[in-house]
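# I need the structure of the sequence given here:
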Amino acid sequence: MKVVSTERVPIKLWLDDIEDGALDQARNLANLPFIFKHVAVMPDAHQGYGMPIGGVMATKGVIIPNAVGVDIGCGMCAVNLGEVELPVEKLKKIMGGIRQAVPVGFKKHSKNQIGMPDGYIGGSDNLPVIHREYSNAQKSLGTLGGGNHFIEVQKDNATNHVWVMIHSGSRNLGLQVAKHYNKLAIEINERYHSQVLKAWQLAFLPIDSEEGTFYRAEMEHCIAFALANRDLMMKRVLAVVEDVTGVTTTNLPIINIAHNYATMEHHFGENVMVHRKGATKAYLGQLGIIPGSQGSKSYIVRGRGHELSFKSCSHGAGRRMSRTAAIKGVDDDGKKLLDLEEQQELLNSMGVIHSVRGAKDLDEAPGAYKDIGKVMANQTELVDIVVELSPLAVIKG
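Below is the predicted model of the structure:
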C-alpha cells in the first residue's frame, strides 16, 4: 500500500503505479469537504467520470451519483457446476444455445420478461425514473449488454470443476437513473454555490434531501434489477448447459457481488455512505468474484475485512488504456497491440472458444487490460484466493 499525504485526507493506494488522470481524480475526492477518513484506491484503478473506477470512498451526509456510476448495480455472479465433461463439440453447442437465449449488445427481448424485482409501487411519486423506464426494463431483463460484460464457461484446474460466470448490470435503467440525478445534483450545487468545483464532476445530493432520498430509492431498485438480470441470464445459461450435457443444474448456489453502488456502512466507529465504483465489498469471510480480461484467469476470493480499504477489493483487472486507444491498436508508449486476426489466433491457441467478431471488439482485447496476476498480487492483504479459474469459452457483450 502506498499513501499520498498531500491532500485534505490521505489517499491509500493498493497499486504500484496509477495513471495521472486517475490520481488527479483521487486527489479531488480527498479534498471534498464531506470526505471521511481517507480515499482507498484498488489495484485495478483507472480514470472514470468524476471518480476513478476502482475507487472507494466514504462520505458524511451526502451521496454522489457520479461516484456510483452509470451502470448502477453492475456486478458478477458465478455458479460451480461440479465435474462436467465438456469436449469442444459440446462447448460449441452451449455457446450457440446461449446466443439464442441471451440477447447481447443493444439487443433486448421482444416481450416483457418475468422476474422484475419486488418493490415497484407503480406510481411515480418516489421512483419517477423507474416509473418512466419500467416497460423498457421489462424487455431488458435477462440481457447481457455491451462493453466489458461477458458470459464465460470456465474450469478450475485444481478440481476439474466447471463454472459459469456472468458480468452484467442494470442496462439502460441504471444509465437513466444516473443521468437524471447527476443532472439534479449539478443544478442544486450551482444554485447553492457549492465549493465542489463543477470540473471535478462530483456534484452531490444531501442524503436527507428529497432528491437524495429519491436517488437512493431508485439506486436500490437498479441494484435489485441488476441482480434479477444476472439471475435470469444464469438460469437460461444453466438450462442450455443441462440440455447439452444432461447434468442437473437446478438449486445450485450462486455467488453474487455488485461493484457499482453506495450504501450506509459502519467504519471507524461511524455510520458513513460508502461509495464503491468498480470495487467489490470484501468483508471478512465474504465470497467475491474478480474476473480477468478476455482469455485470462478469473478468481473466486474470500474477503479479509481490511478496514483501511473500507473492507473492499478490486472488481477485475482494470483497463490500462482507453477503448479508443485500444481500437486504434496502439498503447500509450506507441507499442502495437494485437490486431483482430492476432487476437483471434491468441484465443484459439489457448483453446478458448470465443465470440470475437469485428474491429469494435478490439476495445476488449486482452492487451487493453492490466495483468490480472499483478492485480491479485497487489491485494493479498485484502482477499484470499479460493478458486483460480481458466476460460473455456467466452461471449462478450
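# what's whatever helix or strand Ala137 lives in in contact with?
In the assignment (DSSP states H and E), Ala137 maps to helix 128-140. For helix 128-140, the external contacting residues (C-beta atoms under 8 Å, 6 or more residues apart in numbering) are 108-113, 116, 120, 122-124, 171-173, 176-177, 180, 214, 218, 221-222, 225, 229. The C-beta positions use only the backbone N, C-alpha and C, and glycine is treated the same way.
# which strand or helix spans Val162?
Going by DSSP H and E, Val162 is in strand 161-168.
# circling back: for the helix holding Ala137, list the C-alpha coordinates in PDB.
Output of helix 128-140 as PDB, limited to C-alpha atoms (Å, rounded to 0.1, in the frame of the first residue of the first chain):
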ATOM      1  CA  PRO A 128     -40.000   8.700 -11.100                       C
ATOM      2  CA  VAL A 129     -37.300   7.400 -13.400                       C
ATOM      3  CA  ILE A 130     -38.200   3.700 -12.700                       C
ATOM      4  CA  HIS A 131     -41.800   4.600 -13.500                       C
ATOM      5  CA  ARG A 132     -40.800   6.100 -16.800                       C
ATOM      6  CA  GLU A 133     -38.400   3.300 -17.800                       C
ATOM      7  CA  TYR A 134     -40.300   0.300 -16.400                       C
ATOM      8  CA  SER A 135     -41.800  -1.000 -19.600                       C
ATOM      9  CA  ASN A 136     -38.400  -0.900 -21.400                       C
ATOM     10  CA  ALA A 137     -36.700  -2.500 -18.400                       C
ATOM     11  CA  GLN A 138     -39.100  -5.500 -18.600                       C
ATOM     12  CA  LYS A 139     -37.800  -6.300 -22.100                       C
ATOM     13  CA  SER A 140     -34.100  -5.700 -21.000                       C
END
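# how long is stretch 378-389 from one end to the other?
End-to-end distance of stretch 378-389 (C-alpha to C-alpha, to the nearest Å): 19 Å.
# what about it, distance to the chain center?
Computed by C-alpha atoms, centre = their mean, to the nearest Å, the separation of stretch 378-389 from the middle of its chain amounts to 17 Å.
# for it, give me every contacting residue.
Residues outside stretch 378-389 that contact it (C-beta under 8 Å, 6+ apart): 1, 14-16, 42-43, 80, 154-158, 163, 165, 282, 287-288, 290, 297-304, 306, 309, 312-314, 376.
# and stretch 261-272, by the same measure?
So stretch 261-272 is contacted by 36-37, 58-60, 63-64, 67-68, 72-73, 216, 219, 223, 273-276, 307, 310-311 (C-beta under 8 Å, 6+ apart).
# quick one: which of those sit in strands?
Phe36, Lys37, Ala58, Thr59, Ile63, Met273, Val274, His275, Arg276 (DSSP state E).
# show me what contacts the first one?
Right, the one you point to is Phe36. Val9, Met57, Ala58, Thr59, Lys60, His267, Phe268, Glu270, Val272.
# now the last one
Arg276 sits next to Val56, His259, Asn260, Tyr261, Ala262, Phe310, Ser312 when contact means C-beta under 8 Å, 6+ apart.
# tell me the phi and psi of the closest residue to Gly174 other than its chain neighbours?
Nearest non-adjacent residue to Gly174, counting by C-beta to C-beta, 6 or more residues apart in numbering: Ile72, 3.6 Å away. Main-chain dihedrals, Ile72, degrees, to the nearest 10: phi -60, psi 130.
# do the same with Arg236
Here is the backbone geometry of Arg236 (degrees, to the nearest 10): phi -70, psi -40.
# likewise for Gly61?
Gly61 adopts backbone torsions of phi 90, psi -10, taken as degrees, to the nearest 10.
# related to what we said a few turns ago, for the record, mean pLDDT for the strand holding Val162?
Throughout strand 161-168, pLDDT has a mean value of 97.
# that one packs against which elements?
strand 75-83, strand 150-156, helix 210-245, strand 383-396 (3 or more C-beta pairs under 8 Å, 6 or more residues apart in numbering; DSSP states H and E).
# just say which of those is most tucked in.
strand 150-156 (a mean of 23; mean count of other C-beta atoms under 10 Å).
# measure how that strand sits relative to strand 383-396, angle-wise.
With axes from the mean of the first three to the mean of the last three C-alpha atoms, to 10 degrees defining the directions, strand 150-156 sits at 130 degrees from strand 383-396.
# tell me what angle strand 150-156 forms with strand 161-168.
Using the same axes, to 10 degrees: strand 150-156 against strand 161-168 is 160 degrees.
# quick one: strands adjacent to strand 150-156?
Here strand 150-156 has these sheet partners by DSSP bridges: strand 161-168 (antiparallel), strand 383-396 (antiparallel).
# looking at those strands, spot the one closest to Pro87.
For Pro87, the closest of the strands paired with strand 150-156 is strand 383-396, at 10.7 Å, according to C-beta to C-beta.
# next one: the closest one to chain centre, how far?
The answer for strand 383-396 is 15 Å, by C-alpha atoms, centre = their mean.
# same thing with stretch 133-143?
Counting by C-alpha atoms, centre = their mean, stretch 133-143 comes out at 19 Å from the chain centroid.
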